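1. here are the coordinates; sequence isn't available:
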């Protein structure tokens, strides 16, 4: 895995490994799984359906996942959206979610690219 590329994408590799007691294989496996199994597409459907309750649950869950994986930019974006939803502030909800979704897609691209390459 290309650790430098992960860092460039805002992913704190060392902190992430630290959360998994130094087990880099487990951490890298979970990063790969994140790209395959997540709730962001479900959250996108919830936004489109106006289902703010389900959206809150999904984004709150992803806040925890992204925090545990040290996906820093995405974690921060999920925190902001979670607090907005918790306060029942739905103004510009689609705009805020689109920002989170954009960061999510960039994060997945970074992890995928880092998986294909390794540090030399």
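-> Thanks, I have it. The model shown is predicted, which means the values in this text are computed figures rather than measured ones. Residues are numbered from 1 along each chain as shown.
2. how far out from the middle of the chain is the longest helix that the chain contains?
-> Using DSSP state H, we find that the single longest helix of the chain is helix 93-116. With C-alpha atoms, centre = their mean, to the nearest Å as the basis, helix 93-116 stands 7 Å off its chain's centre.
3. Likewise for stretch 53-67?
-> 9 Å.
4. Then stretch 45-60?
-> Taking mean C-alpha positions (C-alpha atoms, centre = their mean), stretch 45-60 and its chain are 16 Å apart.
5. Quick check: mean pLDDT of the longest helix of the chain?
-> Averaging pLDDT along helix 93-116 gives 95.
6. contact partners of that helix?
-> 1-3, 5-6, 8-11, 28, 31-32, 34-35, 38, 40, 43-44, 47, 52, 55, 59, 66, 71, 73-74, 77-78, 80-81, 84 (C-beta atoms under 8 Å, 6 or more residues apart in numbering). Backbone N, C-alpha and C define where each C-beta goes, glycine included.
7. Please spell out the ChimeraX selection for the buried subset of the residues you listed.
-> Here is the ChimeraX selection string for the buried members of those, based on 16 or more other C-beta atoms under 10 Å:
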select :1,2,3,5,6,9,10,11,28,31,34,38,40,43,44,47,55,59,66,71,73,74,77,78,81,84
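8. Mind checking which of the contacts of helix 93-116 land in helices?
-> Among the contacts of helix 93-116, the members that lie in helices (by DSSP H) are 3, 5-6, 8, 28, 31-32, 34-35, 40, 43-44, 47, 52, 55, 59, 66, 73-74, 77-78, 80-81, 84.
9. buried stuff in the longest helix of the chain?
-> 93, 96-97, 100-101, 103-104, 107-108, 110-111, 114-115.
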